[in-house]
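*Asks:* Sequence and predicted structure, then a few things I'm wondering about:
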Amino acid sequence: MRYGFHGKILEVDLTEQRFSEREFTENEAKKYLLGSGLSAKILY
């Protein structure tokens, strides 16, 4: 996959002032159509 896929999502908690990385595979990214579909999965 092209255009900036690196297999990680940065989660930032502004209230607690901390951050963490979440890993995901290229297949997961394709399954959720990147952008809005992946965002909906993360929020759910």
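*Replies:* Okay, I see it.

*Asks:* show me the contacts for Phe24.
*Replies:* Phe24 is in contact with Gly7, Lys8, Ile9, counting by Cβ atoms under 8 Å, 6 or more residues apart in numbering. The way it works is simple: take the backbone N, C-alpha and C, and place the C-beta from them, glycine included.

*Asks:* Next: Ile42.
*Replies:* For Ile42, the contacting residues are Ile9, by Cβ under 8 Å, 6+ apart.

*Asks:* Work out for me the element it sits within.
*Replies:* According to DSSP states H and E, Ile42 maps onto helix 35-43.

*Asks:* which stretches of the chain aren't confidently modelled?
*Replies:* Applying pLDDT under 70 to the chain flags residues 1-5, 32-36, 38.

*Asks:* Please enumerate the strands of it.
*Replies:* 8-13, 18-23 (DSSP state E).

*Asks:* beta partners of the residue nearest the centre of the chain?
*Replies:* Centroid-nearest residue in the chain: Ile9, 3.9 Å away (criterion: Cα atoms, centre = their mean). Beta bridges link Ile9 to Arg22, judged by DSSP bridges.

*Asks:* my guess is it meets Glu21, correct?
*Replies:* Yes. The pair Ile9 and Glu21 passes the contact test of Cβ atoms under 8 Å, sitting 7.1 Å apart.
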